[in-house]
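In: Provided below for reference: sequence and predicted model.
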Amino acid sequence: MPTVHRYGVHEFALTAQAELPNPLWDGELLATFAAPSGREIAVRGFWDGGRTWRVRFSPDEVGLWSWRSQGADAGLCAAGTVECVPYQGDNPLYRHGPLRVAASRAFLEHADGTPFFWLGDTAWNGVIRGDDANWERFLALRAAQRFTVVQFVCCHWRGDVADEFGDSACTEEPPIRINPAFFQRLDRRVARINEHGLLGAPVALWALLETDIGRKLPEADAIRLASYIVARYDAYQVAWLLGGDGNYQLMGVDRWRRIGQAVFATGHDRLATLHPCGTNWVGEEFRNEDWYDFIGYQSGHGDGEKDLRWLTAGPPATCWDREPRLPVVNLEPNYEIAIGYHHHTVFTDYHVRRAAYWSLLLSPAAGLTYGHDSIWNWNFATGPSEGHGNWHNGAVPPWTEGLETPGIASMTVLRGILERLPWTTLVPAPRAVRQTSDDPQTFVAAARAADGTLVVYTPCGGTVACGDGDFPHPVRRVDPRTGAVRTQPDLSCPEGQDWLLVCGPGWR
């Protein structure tokens, strides 16, 4: 009898009696798993070339599971059992279980209630372009640097239609056809994300440009493609980004509601959201959808006043508490070493930190994503970014330059700082501070925890002005570059640098 540890992935293959002309449309495989407790879970299978079909399943109860499968082909109708055993190890995804929205609706947590802080990296091209050895190097480093999420694209998008072998995921003319060889190479790389203790955040349908597959495909084809991708990878520990970089209002909110409803109607209950284009908030259009579990947004790569005000005074700061309340995560702030759209600012670790702490204190601190201009692109040599015009002046560095940087070091420090705070109860407290300038670059962000602890981020230093009351004591000045802490009697900080002030009891 096959065995699998709790929250691991059990896979089995079935052989159809006949090959179908276009299995994505002409065939279907559905497996129903019965838990030891008696409840049942339905899981979609997927075609994997020739007459081979597969089912992947992640059991959440220890004990004997039984399954039965159904399909139009007699070879796809079968039954069996699998034994789920306790997990023995230190991988947090398997020790604590898949993610869910916490009862407070402010952050994410594991199945056993352990809080999960989303610290992601946008390795968009990495799964497709990176060979196994390079991908392994990247994952090992990000795990050591205390990241928790890897965001990636698993189908066509602006920078990649073909993988390193020249294979594409599918045709682009309806009715589309799947190329299993493309996904077979992705399989082991997706699995390795979890094996390093990292959550996968796959984009199913990139959707910014009219040439992107999430926009150009008819709705029925988009549903088929996304459903195939979800069936293939939903058993892993993932949180789905159904669409990538899209202006969903422009494309049609109802279209994307229907796509989400169809794609996530059957199978595992993994979290899902949308990754919007820059400075685009879709929380109000989707927060009532059953499949939409948390609000993702992209503050993006603008360096102009309008972009900064969108983050500091726009929807992330003003719409997070609307009902039904959902966790909020900035899925793409300023990329380190990217060049700003308006003033051509080269974003340094300072800009990375500024966007990060603003994001965490302007909405409840569920998490955020880091990005480096060479990692997302995954060039092997300095050169242009495919499909992105003159991005980075046509000279994006190779991916290896984004492995160990000052911005990444700041993210590692950030996670350590958050772990010393009651971060799961932090709620924006804009009235606790007084803005002394109308320049959005100097915006001071503040949030308060349930125990009264006040956390303040000042991007330019100087003395922070009190708002609607006195700051609680003790006052600690925390260096966001190093994590060094100094207790002081007042709210002053050295000028010309960014600082955190942690005021009150909640510092471990």
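Out: That came in fine, so what should we check first?

In: got the phi and psi for the closest residue to residue 403 other than its chain neighbours?
Out: Closest residue to residue 403 in three dimensions, ignoring its sequence neighbours and counting by C-beta to C-beta, 6 or more residues apart in numbering: residue 141, at 5.5 Å. Placement of C-beta: from N, CA and C, glycine included. In terms of degrees, to the nearest 10, the main-chain angles of residue 141 are phi -70, psi -50.

In: mind checking pLDDT for residue 141?
Out: The confidence metric pLDDT takes the value 98 at residue 141.

In: quick one: it from residue 412, how far?
Out: As defined by C-beta to C-beta, to the nearest Å, residue 141 lies at a distance of 11 Å from residue 412.

In: do residue 395 as well
Out: The spacing between residue 395 and residue 412, counted by C-beta to C-beta, is 28 Å.

In: settle it for me: which of these two has more neighbours?
Out: A count of neighbours by other C-beta atoms under 10 Å puts residue 412 above the other of residue 395 and residue 412, at 16 against 12.

In: can I get the lowest-mean-pLDDT helix or strand in the chain in CSV? Just the C-alpha atoms.
Out: The element with the least model confidence among the helices and strands of the chain, by mean pLDDT, DSSP states H and E, is helix 126-129, at a mean of 91. What follows is helix 126-129 as a C-alpha-only set of coordinates in CSV (Å, rounded to 0.1, in the frame of the first residue of the first chain):
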residue,chain,number,x,y,z
GLY,A,126,12.7,31.3,-12.6
VAL,A,127,10.7,28.1,-12.9
ILE,A,128,10.6,28.3,-16.7
ARG,A,129,14.1,29.5,-17.4
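
In: show residues contacting it.
Out: Outside of helix 126-129, the residues that reach it under the criterion C-beta atoms under 8 Å, 6 or more residues apart in numbering are 135, 138, 150, 152-154, 160, 163-164, 186, 189-190, 375, 378, 380, 399.

In: could I have the buried ones of these as PyMOL selection syntax?
Out: The following PyMOL command selects only the buried members of these, with burial defined by 16 or more other C-beta atoms under 10 Å:
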select buried, resi 135+138+150+152+153+154+160+163+186+189+190+375+378+399
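
In: quick check: the residue minimising distance to the centre of the chain vs residue 319, distance?
Out: In the chain, the C-alpha nearest the mean C-alpha coordinate belongs to residue 201, at 4.4 Å (C-alpha atoms, centre = their mean). Remark: distance between residue 201 and residue 319 (C-beta to C-beta) = 22 Å.

In: give me phi/psi at residue 155?
Out: Phi and psi for residue 155, reported as degrees, to the nearest 10, are phi -160, psi -170.

In: dump the residue contacts of it.
Out: By C-beta under 8 Å, 6+ apart, the residues touching residue 155 are 169, 170, 203, 204, 205, 206, 213, 225, 229.

In: try it again at 10 Å.
Out: With contacts defined as C-beta atoms under 10 Å, 6 or more residues apart in numbering, residue 155 is in contact with 128, 161, 168-170, 182-183, 186, 202-206, 212-214, 225-226, 228-229, 244.

In: cool, residue 188 as well?
Out: Applying C-beta under 10 Å, 6+ apart, the residues contacting residue 188 are 132, 135, 136, 195.

In: what's the answer for residue 9, then?
Out: When the contact criterion is C-beta under 10 Å, 6+ apart, the partners of residue 9 are 56, 57, 58, 59, 191, 194, 233, 234, 235, 236, 237.

In: switch to 8 Å and redo it
Out: Under the criterion of C-beta under 8 Å, 6+ apart, the contact list for residue 9 reads 56, 57, 58, 191, 235, 236.

In: what strand or helix carries the nearest residue to residue 430 once chain neighbours are set aside?
Out: Spatial nearest neighbour of residue 430, excluding adjacent residues (C-beta to C-beta, 6+ apart): residue 446 at 6.5 Å. With secondary structure defined by DSSP states H and E, residue 446 is part of strand 445-448.

In: pairing partners for that strand, with directions?
Out: On the basis of DSSP bridges, the sheet neighbours of strand 445-448 come out as strand 427-428 (antiparallel), strand 454-458 (antiparallel).

In: measure stretch 432-449 end to end?
Out: This stretch, stretch 432-449, spans 12 Å end to end (C-alpha to C-alpha, to the nearest Å).

In: likewise for stretch 318-327?
Out: Across its full length, stretch 318-327 reaches 14 Å end to end, with C-alpha to C-alpha as the criterion.

In: contacts for it next, please.
Out: Under the criterion C-beta under 8 Å, 6+ apart, external residues in contact with stretch 318-327 comprise 101-102, 105-108, 281, 283-284, 287-288, 292-295, 328, 362-364, 366, 428.

In: please repeat the previous calculation with a cut-off of 6 Å.
Out: Taking contacts as C-beta atoms under 6 Å, 6 or more residues apart in numbering, the residues outside stretch 318-327 that touch it are 105, 107, 108, 283, 287, 294, 295, 328, 363, 366.

In: now the contacts of residue 155: which count as buried?
Out: Neighbour-count burial (16+ other C-beta under 10 Å) is assigned, among those, to 128, 161, 169-170, 182-183, 186, 202-206, 212-214, 225-226, 228-229, 244.

In: which members of those residues occur in helices, if any?
Out: 128, 182, 183, 186, 213, 214, 225, 226, 228, 229 (DSSP state H).

In: and of these, the nearest to residue 386?
Out: Top of the list for closeness to residue 386, among these and by C-beta to C-beta, is residue 128 at 11.4 Å.

In: just the contacts of helix 126-129: which are in strands?
Out: 150, 152, 153 (DSSP state E).

In: JSON lines for those, including distance to residue 384 and pLDDT?
Out: Below are these laid out as JSON lines (distance: C-beta to C-beta, whole Å; pLDDT from 0 to 100):
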{"residue": "150", "distance to residue 384": "24", "pLDDT": "98"}
{"residue": "152", "distance to residue 384": "21", "pLDDT": "97"}
{"residue": "153", "distance to residue 384": "18", "pLDDT": "96"}
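
In: the residues you listed into a markdown table, with extra columns for distance to residue 423?
Out: Conversion of those to a markdown table gives the following (distance: C-beta to C-beta, whole Å):
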| residue | distance to residue 423 |
| --- | --- |
| 150 | 21 |
| 152 | 26 |
| 153 | 29 |
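
In: give me the number of residues near residue 374?
Out: 24.

In: ok, it - contacts?
Out: The neighbourhood of residue 374, defined by C-beta under 6 Å, 6+ apart, consists of 397, 399, 401, 402.

In: disregarding residues adjacent in the polypeptide, which is nearest to the first one?
Out: With C-beta to C-beta, 6+ apart as the criterion, residue 397 has its nearest non-adjacent residue at 4.4 Å, and that residue is residue 374.

In: next: the third one.
Out: Nearest residue to residue 401 in three dimensions, chain neighbours excluded: residue 374, at 4.8 Å (C-beta to C-beta, 6+ apart).

In: the second one too?
Out: With C-beta to C-beta, 6+ apart as the criterion, residue 399 has its nearest non-adjacent residue at 4.6 Å, and that residue is residue 378.

In: what does the model give that neighbour for pLDDT?
Out: At residue 378 the predicted local distance difference test score is 93.

In: state the phi and psi torsions of it.
Out: Residue 378 has phi and psi values of phi 60, psi 50 when expressed as degrees, to the nearest 10.

In: equivalent analysis for the one 3 residues further on, please.
Out: When quoted as degrees, to the nearest 10, the phi and psi of residue 381 stand at phi -150, psi 160.

In: so how far is residue 138 from it?
Out: From residue 381 across to residue 138, the span is 17 Å (C-beta to C-beta).
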